[in-house]
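Undergrad: Turn this into a model:
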Amino acid sequence: MESKAAVKTMEAVEASVSALAVLVRRGTGNFGSTSADPLRDQADACLDGLAEVARAEARLAALKVHFAAGYADAAIALAPPAVSPQAHTAQDMAVTAEVACVLTVSERTAGALLAEAQTLTNTLPLTMSALQSGSISWQHARIMVDETTNLDKAGAAGLEAHFLDPDAPAAARGCPAGELVPARFRAKVRTWRERHHPVSIEVRHARGVADRRVEYTPDRDGMAWLSAYLPASQAAGIWDRTTAAARALQGADEARTLTQLRADVAATWLLTAGRETAARELAGKVPSPAAQVLITVPVLSLLSLSEEPAMLDGYGPVPPSMGRALVADGASSFLRVLTDPRDGAPLEIGRASYRISKALRQWLRLRDGKCPFPGCNNQSLDNDADHLLAWARGGTTGISNLGQPCRKHHRLKHTTGWTPTSASANEPPGWTSPAGRHYASEQPDWEPPLWPSQILAMTISADPGTLDPDILGPGMPDYHDDPPPECDLTDRPLAEDPFTDWELFLAYDSYAPA
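TA: As a prediction, this is how the structure comes out:
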């Protein structure tokens with residue numbers, strides 16, 4: 001952080017302290033208030049105080065980064081030139097030890113802080129600026145550092161711009177980054193990173209498959225952890241199948257929770273499965289999951305015309321080969337999702353009756369992915385389909401009047417003053433609190449797909465051999481004999497859809513091989 005930026009951040013911290021002093025007086029039960037409703041004024045002051053404290057914490061974190069990076073630079077400048085790699089390592093250890101002692105933290109924690117400070121000050125200017133302004137938290141900043149690891153400079157800049165620059169050509173939609181809880185922000189950042197990583201997701205997935213394993217970790221009180229690192233399709237299938245079996249055991253006489261039932265079902269299956277059957281399966285390949293896995297595969301990827309990632313419900317982008325395999329080999333509840341091939345957005349499904357059909361419930365899973373309450377991570381299979389405006393009050397059974405809150409937040413809606421706001425075909429409902437504050441929904445970030453050259457040519461000109469340079473942009477060659485490369489149409493106006501009957505593609509029972 002430059003000195004001017006540090007001074008400006010410090011001035012913002014001082015302003016926060018002054019604002020907090022006023023809010024503390026309002027929020028400590030000052031019944032001498034002239035407000036018409038002093039209790040409501042106290043409640044609002046406490047909420048405003050919490051928000052101001054969060055901004056002040058972010059600004060203090062920015063100053064912490066400034067001082068950590070500044071000390072590291074000064075210490076290196078003060079030290080004699082390192083004559084060997086060992087001497088350089090010793091200097092780094094000395095700097096880390098000093099910071100650890102000053103902050104009373106472990107050297108591992110201090111080393112992580114120094115590394116994050118160097119990245120934020122040298123590589124992620126937009127993230128550092130947002131932290132200084134208090135618009136994102138320290139947790140959000142750390143996520144940006146984590147998810148830009150192994151990205152080149154251009155990739156890191158693109159990721160930053162997507163989430164932190166509202167004027168970027170393809171800025172993230174929905175609520176701002178700082179209004180997402182860190183876990184949900186990480187999910188969105190990771191999804192973008194997977195789609196835009198310079199290395200093919202197929203290549204990275206192949207490396208991950210080679211590292212698959214099961215791990216066992218003893219824990220306290222006679223307990224232990226058993227975890228498995230698996231391809232996402234297999235893990236999602238196991239989870240969904242276990243959940244379905246656990247739900248089937250629930251009833252009035254069942255005292256175990258759904259979480260406990262999942263654990264009991266998994267343990268029973270693993271300990272009692274037929275050894276001969278397992279041996280035969282291991283002799284071949286691991287079967288595709290026959291559970292309720294919702295997989296959205298772009299039509300062009302399904303036809304092997306492009307390598308756009310598929311989207312696995314509750315996980316995110318997966319290799320297109322995995323999507324094609326799930327369609328062909330056993331995802332019994334695969335929903336053939338029709339998405340707009342120009343901008344990647346799903347198309348709305350409408351219904352006119354009160355009863356919510358299975359297809360419409362699947363559409364809710366596709367649109368929301370999870371409970372739409374801010375920060376909730378309950379996945380689609382655990383949630384209820386619910387009319388936002390009650391049917392008895394004139395509400396319809398269309399996608400724009402439906403949400404899928406989890407049991408907890410469904411109960412919150414009916415027993416408290418929390419109310420969902422309107423939704424749309426592509427946006428989940430936001431929420432309004434009893435205090436009158438509105439919290440936006442976490443809108444899915446549908447992205448325009450990369451069109452294969454032959455499809456792109458058809459959309460640009462009636463003559464596939466002639467491409468309009470005004471549409472392709474400056475610097476693009478005029479292709480006459482050779483087909484054009486794949487082109488990202490993110491920043492271009494939507495072309496006229498050359499295929500008016502996309503449903504014909506979706507009616508096929510057989511697809512191109514993986």
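
Undergrad: Could you list the low-pLDDT ranges of the stretch 101-250 of the chain?
TA: Within the stretch 101-250 of the chain, no stretch has pLDDT under 70.

Undergrad: Any chance you could list what contacts the one helix or strand residue 209 maps to?
TA: Assessed by DSSP states H and E, residue 209 sits inside helix 201-210. The contact list for helix 201-210 (Cβ atoms under 8 Å, 6 or more residues apart in numbering) reads 194, 197, 231, 307, 309, 317, 318, 319, 320, 321, 322. Quick note: C-beta positions are derived from backbone N, CA and C, even for glycine.

Undergrad: Let's see which of those end up in helices.
TA: 194, 320, 321, 322 (DSSP state H).

Undergrad: Include neighbour count when you put the residues you listed into a markdown table, please.
TA: Below are these laid out as a markdown table (neighbours: other Cβ atoms under 10 Å):
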| residue | neighbour count |
| --- | --- |
| 194 | 18 |
| 320 | 22 |
| 321 | 18 |
| 322 | 24 |
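
Undergrad: Would you check which pair of the residues you listed lies furthest apart?
TA: In these, two members sit farther apart than any others by Cβ to Cβ. They are 194 and 321, at 14.5 Å.

Undergrad: What's the per-residue pLDDT of residue 471 here?
TA: Predicted confidence (pLDDT) for residue 471: 43.

Undergrad: re earlier: packing partners for the next helix or strand after the helix holding residue 209?
TA: For helix 201-210, the following helix or strand on the C-terminal side (DSSP H and E) is strand 213-218. Strand 213-218 makes packing contacts with strand 224-229 when contacts are defined by 3 or more Cβ pairs under 8 Å, 6 or more residues apart in numbering; DSSP states H and E.

Undergrad: Name the next helix or strand downstream of the strand it packs on, please.
TA: That would be, after strand 224-229 and using DSSP H and E, helix 232-249.

Undergrad: counting contacts, what elements does that following helix pack onto?
TA: Looks like helix 232-249 contacts helix 258-272, strand 310-312, helix 320-329 (3+ Cβ pairs under 8 Å, 6+ apart).

Undergrad: okay, the ones you listed, which one's buried deepest?
TA: Scoring the helices and strands packed on helix 232-249 by mean neighbour count under mean count of other Cβ atoms under 10 Å gives strand 310-312 as the most buried, with a mean of 24.

Undergrad: That one pairs with which strands, and in what direction?
TA: strand 295-296 (antiparallel), strand 316-318 (antiparallel) (DSSP bridges).

Undergrad: need the least confident one among those, by mean pLDDT.
TA: strand 295-296 (a mean of 64).

Undergrad: one step back: now do the helix holding residue 209 against strand 224-229, angle only.
TA: For helix 201-210 against strand 224-229, the angle by axes from the mean of the first three to the mean of the last three Cα atoms, to 10 degrees is 140 degrees.

Undergrad: List every C-alpha atom in helix 201-210, with coordinates, as CSV.
TA: Presented in CSV, the C-alpha positions along helix 201-210 are these (Å, rounded to 0.1, in the frame of the first residue of the first chain):
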residue,chain,number,x,y,z
ILE,A,201,-10.3,-28.3,-16.8
GLU,A,202,-9.9,-31.7,-18.4
VAL,A,203,-6.1,-31.6,-17.8
ARG,A,204,-6.5,-30.4,-14.2
HIS,A,205,-9.2,-32.9,-13.5
ALA,A,206,-7.0,-35.7,-14.8
ARG,A,207,-4.3,-34.7,-12.3
GLY,A,208,-6.9,-34.7,-9.5
VAL,A,209,-8.2,-38.1,-10.4
ALA,A,210,-4.6,-39.5,-10.0
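
Undergrad: Can you mark which positions in that helix are buried?
TA: Within helix 201-210, the residues scored as buried using 16 or more other Cβ atoms under 10 Å are 201, 205.

Undergrad: which residues of the stretch 301-450 of the chain score low on pLDDT?
TA: For the stretch 301-450 of the chain, the ranges with pLDDT under 70 are 301-305, 313-314, 326-359, 380-383, 444-446, 448-450.

Undergrad: which stretches of this structure form strands?
TA: Using DSSP state E, the strands of the chain run over 213-218, 224-229, 295-296, 310-312, 316-318, 386-387, 402-403, 419-420, 431-432, 438-439, 450-451, 487-488.

Undergrad: so how far is stretch 152-163 from its chain's centroid?
TA: Put simply, stretch 152-163 sits 16 Å off its chain's centre (Cα atoms, centre = their mean, to the nearest Å).

Undergrad: Pull out the buried residues from it.
TA: Applying 16+ other Cβ under 10 Å to stretch 152-163 flags 156, 157, 158, 159, 160, 161, 162, 163 as buried.

Undergrad: same check, this time on stretch 243-251
TA: 243, 245, 246.

Undergrad: Check stretch 412-427 too.
TA: Under the neighbour-count criterion of 16+ other Cβ under 10 Å, stretch 412-427 has 412, 413, 418, 420, 421, 423, 426, 427 buried.

Undergrad: show me what contacts the fifth one?
TA: Residues in contact with residue 421, defined by Cβ under 8 Å, 6+ apart, are 388, 429, 430, 431, 432, 438.

Undergrad: I figured the fifth one hits residue 422, correct?
TA: No - in this structure, residue 432 sits apart from residue 422 without contact. The criterion is Cβ atoms under 8 Å, and the distance is 10.8 Å.

Undergrad: how about the strands of the chain in TSV, adding distance to residue 25?
TA: Listed next are those as TSV, based on distance: least, Cβ to Cβ, whole Å:
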stretch	distance to residue 25
strand 213-218	50
strand 224-229	49
strand 295-296	53
strand 310-312	50
strand 316-318	46
strand 386-387	42
strand 402-403	40
strand 419-420	32
strand 431-432	28
strand 438-439	27
strand 450-451	57
strand 487-488	54
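
Undergrad: so which of the ones you listed is the most packed in?
TA: When the strands of the chain are compared using mean count of other Cβ under 10 Å, strand 402-403 is most buried, at a mean of 26.
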